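Enquirer: Sequence first, then the predicted structure, then my questions.
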Amino acid sequence: MLVRRIVLESYTPSLIDISRLLEGKARDFRVRVGDLLSESQILNCIFTRIIETDLISQTQREEILSRLIPSLTEAESAPVQEQKVIELPVYHRKRMVYQIVVPLAMALVASILGGFVTLLPKIGMMKMDFGNLVSALTATVAVSLGIISALYLFYRLRESQQEVTVSSSSSALEQAISFEREVAKAIEKKGLKLRPAGPRDRGYDFAIEHNGKKVLIEVKAWTRPMPIGLLSKTVDVLDKTVQIENAEEGIIVTKTPVDLKNIDLPGKKIRIMTLRELRNYLAHSLK
């Protein structure tokens with residue numbers, strides 16, 4: 001999104017703008033800001049994409065870099081600000097304390113009370129000195145605390161596994177950029193006219209124009225099976241864009257094959273295929 005704004009709208013991102021975008025995206029995907037790239041890493045990825053792309057002219061590339069390098073230099077000279085991004089906010093640290101320390105403290109108190117309640121009725125019938133009583137109470141508390149702690153950790157682990165997290169890393173972003181470039185080159189090798197999506201275009205990355213036909217291409221560098229909800233949303237957005245732009249069809253290109261059984265494709269001008277399938281489709285269908 002930033003690359004499109006920079007290339008097509010002559011937008012120059014500042015560090016505060018990127019920080020705001022990071023916070024906004026973290027809220028959108030319900031992850032911590034620290035799970036995302038830092039401002040410096042974001043600018044490095046943008047710099048790499050501007051350098052490697054063949055879709056812009058040398059003059060435009062030089063003009064973009066002249067605007068981008070000052071922000072990149074500023075980001076690289078501010079390591080303290082980057083560290084603040086990846087540190088947990090005070091609120092989250094307090095929340096972690098409440099989620100871990102408070103329940104364990106309550107478990108300890110409950111175990112001690114449970115030990116007293118268990119042994120109190122038997123004290124009169126038990127012939128033991130103070131040391132034996134303390135030992136019995138300690139054993140009862142330890143067993144009770146162990147069981148409560150084990151149950152607490154089990155439920156916390158299950159909750160953490162059920163949470164939907166979207167983790168962004170530098171390597172994942174680079175792979176996505178590389179795959180998008182690979183798709184663009186595959187289209188250009190077929191002699192087809194390729195147009196990158198504009199800043200207001202939603203739901204696709206490229207448009208192919210050939211013999212009066214317009215085909216929209218959305219590139220997804222997914223390396224693992226995606227939830228049905230995400231797949232359906234991607235299909236719906238591209239299908240709506242196809243109708244708005246009066247295009248012939250829309251194609252979603254993925255790294256790995258997608259199971260189409262649970263996706264509602266009938267009645268929609270959408271195809272989902274791998275890059276290999278796209279090459280074959282372009283060679284035989286768009287002539």
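Expert: Looks like it came in fine.
Enquirer: ok, the residue nearest to Val258 when sequence neighbours are not counted - contacts?
Expert: Computed as Cβ to Cβ, 6 or more residues apart in numbering, the closest residue to Val258 that is not its neighbour in sequence is Ile272, at 5.1 Å. C-beta coordinates here come from the backbone N, C-alpha and C atoms, glycine included. Contact partners of Ile272, counting by Cβ atoms under 8 Å, 6 or more residues apart in numbering, are 235, 251-252, 254, 258, 260, 263, 265.
Enquirer: By neighbour count, which of these wins?
Expert: Neighbour counts for these peak at Ile251, which has 24 neighbours (criterion: other Cβ atoms under 10 Å).
Enquirer: so it makes contact with Lys214?
Expert: No. The criterion here is Cβ atoms under 8 Å, and Ile251 misses it with Lys214 at 11.7 Å.
Enquirer: for Lys214, helix, strand, or coil?
Expert: At Lys214, secondary structure determined by DSSP: H, G, I helix; E, B strand; the rest coil is strand.
Enquirer: for the stretch 151-287 of the chain, what spans make up the helices?
Expert: 170-189, 228-244, 275-285 (DSSP state H, counting those that start in this stretch).
Enquirer: Now render those as JSON lines, adding distance to Val31 and mean pLDDT.
Expert: Compiled in JSON lines, the helices of the stretch 151-287 of the chain are given as follows (distance: least, Cβ to Cβ, whole Å; pLDDT from 0 to 100):
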{"stretch": "helix 170-189", "distance to Val31": "13", "mean pLDDT": "81"}
{"stretch": "helix 228-244", "distance to Val31": "15", "mean pLDDT": "87"}
{"stretch": "helix 275-285", "distance to Val31": "29", "mean pLDDT": "85"}
